[in-house]
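Visitor: Coordinates for the following, if possible.
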Amino acid sequence: MHTKHMIKMLIITGLVLGAIFGYQGFKSLMIKRYLGSNSAPIVSVSAMKASYQTWQPKLRASGSLEAVDGVEVTTEIGGLIKDVPFTSGSQVNKGDILVTLNADTDIAKLESLKAALVLAELTYKRDKNQFSAKAISKATLEADEADLKSKQAQVAEQAAIVAMKTIRAPLSGRVGIAGVNVGQYLNPGDKIVTLQALDQIYVHFNIPQKALAQIAPEQAVQISVDTYPGKIFEGKITSIDPKVDPKTLTVLVEATFPNPNQELVPGMFASVEVLSGQPHQYITLPQTAVSFNPYGEIAFIIKETGKDDKGEPVFIVTQNFITVGETRGDQIAILKGIHPGDLIVTTGQHKLKNGSRVKINNSILPLNNAEPKPIDK
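Guide: This is a model prediction of the structure:
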């Protein structure tokens, strides 16, 4: 009886242990199936192959436009405005009359002085003959000569005053809007009109002192202004300030641009690019392809690891630390970490980690333009 009881207990114990181990095995199998059915999803990304492009180094700055020749036309002498013969906004030539002041009184005085001058000349000539005949003293002749020179100076002075009453263009160019009217009294120094010569234009801009060695006179410069989106104007550096501003540590640079169509006008704001150095060959990518973090710049390279059960290629990403250079437009130069032909993720990186599986969807691609232009909608 005792033996039968032991056998019975052993059988029961075996059944219990078998049930326990069977349950654990079943549990492990179910966990594996669950994990298999909940594997990381395939991430949809856009991608492009890395390739070399020609990269022209440029210094970028902001500048302001000024006329090579430009003045605020004013007057040295006051008077009542008699005529304003120019048209606002028109082209004038050097010497053209801009404003005429009433000079009637001054002209009358000039005529009076001219008459006195004629008399002084006659008196001097007569006394000179008299002196030759020793009929008058030398002192009398010298007094006549002094009076003649005084009358000549008075006539010249009055003629200058009359000339000042006619205000002429000091240079050829385009006038602005007239700031005066007929019948108005013009005081010395009052502004009459702006006159700007626009066949050439200056652009003044500042560059940091560390870039001073990259520029020189006659170096090519390009500018763009928002008045003409997408249009590039080309000129050359004509002057570099000989000192660095101690407050900003920048150097003032002047470039000159031909302006035959007078599209550029003084006061405009310009985006400036100085072409510095020889062109280089760099691998370039859209800036969206690079992830920046405290440990460095990262890009994801896509590699094909085989086929799935449907015969579709399996793409896996690897995370690479890279070294980047300058940016231009939507692009960034890659100095290290990527080789030509590498397939690079350009969008969707925020969902990725090293080893993530991806599928490529290039229906929407990031901008990759070295010279992006505004789009009018």
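
Visitor: Poorly predicted segments of this structure, please.
Guide: Applying pLDDT under 70 to the chain picks out residues 1-2, 4-5, 8, 10, 14, 16-19, 21-23, 25-40, 369-377.

Visitor: domain assignment for it?
Guide: Taking automatic domain parsing as the reference, the chain has its domains at 1-39, 43-54+280-360, 59-68+194-275, 77-186.

Visitor: Any chance of a markdown table for the ones you listed, columns distance to Asn368 and mean neighbour count?
Guide: The way it works is simple: take the backbone N, C-alpha and C, and place the C-beta from them, glycine included. Converted to a markdown table, these look like this (distance: least, Cβ to Cβ, whole Å; neighbours: other Cβ atoms under 10 Å):
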| stretch | distance to Asn368 | mean neighbour count |
| --- | --- | --- |
| domain 1-39 | 33 | 9 |
| domain 43-54+280-360 | 4 | 16 |
| domain 59-68+194-275 | 18 | 16 |
| domain 77-186 | 42 | 15 |
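
Visitor: got the ones you listed as JSON lines, with distance to Pro366 columns?
Guide: Listed next are those as JSON lines, based on distance: least, Cβ to Cβ, whole Å:
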{"stretch": "domain 1-39", "distance to Pro366": "28"}
{"stretch": "domain 43-54+280-360", "distance to Pro366": "4"}
{"stretch": "domain 59-68+194-275", "distance to Pro366": "21"}
{"stretch": "domain 77-186", "distance to Pro366": "45"}
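
Visitor: Touching, Ala169 and Lys94? I think so.
Guide: Yes. Assessed by Cβ atoms under 8 Å, Ala169 is found in contact with Lys94 at 5.7 Å.

Visitor: any chance you could map the helices in the protein?
Guide: Using DSSP state H, the helices of the chain run over 2-37, 104-132, 138-164.

Visitor: Out of the ones you listed, flag the one nearest Pro279.
Guide: Across the helices of the chain, Pro279 has its closest neighbour in helix 2-37 (53.5 Å, Cβ to Cβ).

Visitor: gap between Glu66 and Gln222?
Guide: 18 Å (Cβ to Cβ, to the nearest Å).

Visitor: And for Lys336?
Guide: 29 Å.

Visitor: got it, and Asp241?
Guide: Asp241 sits at a distance of 21 Å from Gln222 (criterion: Cβ to Cβ).

Visitor: Can you tell me the closest non-neighbouring residue to the residue most central in space within the chain?
Guide: Note on the chain: the residue nearest the mean C-alpha position is Ser271, at 1.0 Å, using Cα atoms, centre = their mean. Counting by Cβ to Cβ, 6 or more residues apart in numbering, Ser271 lies nearest to Ser224, which is 5.0 Å off, once chain neighbours are set aside.

Visitor: One more: Asn93?
Guide: The shortest distance from Asn93 to any non-neighbouring residue, by Cβ to Cβ, 6+ apart, is to Ser172 (4.8 Å).
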